[in-house]
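Visitor: model the structure of this input:
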Amino acid sequence: MTIGEVSLLTNDVITLADFYKAILQVDNGSDDSVHQFIITEGTTLTIYNDGANAVKQNSNIVLAFTVDNVDAEYERLKNYKIEIIEPPVTRSWGARNMHFVDPDGNHIYFRSIPAGD
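Guide: Numbers count the residues shown, from 1 in each chain. All right, here's what the predicted structure looks like:
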């Protein structure tokens, strides 16, 4: 069994999709205001408005993206209006993480895993 899709429910698909397209450096060619596929390889990431009022207090889920160099990503993301919770820090288990939130308050980590781990 594999996870097929992670979908973020939102009241503003355009703003949230544009945020993820910018931080993930992808262009999905869509400006749909109801549903957008952001990542389609592996586990799909979608941004979706199901018509219900989405509450912007999402503190029980974290999205973590593995990147080649978390410090370089931190420098790149400082150019965006992003609420950074924690700049890059090396954890006791060796991973180097940075922590920030998207416009709806979903928590995101960019992480680099040392070679050999």
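
Visitor: which parts of the longest strand seen in the chain are buried?
Guide: When the chain is parsed with DSSP state E, its longest strand is strand 83-90. Using 16 or more other CB atoms under 10 Å as the test for burial, strand 83-90 gives P88. Any C-beta I mention is one placed from the backbone N, CA and C, and that applies to glycine too.

Visitor: what mean pLDDT does it have?
Guide: Mean pLDDT, strand 83-90: 96.

Visitor: what strands flank the very next helix or strand once past that strand, and is each parallel or antiparallel?
Guide: The helix or strand immediately downstream of strand 83-90 is strand 96-101, counting by DSSP states H and E. Note on strand 96-101: by DSSP bridges, its sheet partners are strand 83-90 (antiparallel), strand 107-112 (antiparallel).

Visitor: redo the ones you listed as CSV? Include distance to A72.
Guide: Formatted as CSV, these follow (distance: least, CB to CB, whole Å):
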stretch, distance to A72
strand 83-90, 10
strand 107-112, 9
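
Visitor: what ranges do the strands span in the protein?
Guide: 5-9, 35-39, 44-48, 62-66, 83-90, 96-101, 107-112.
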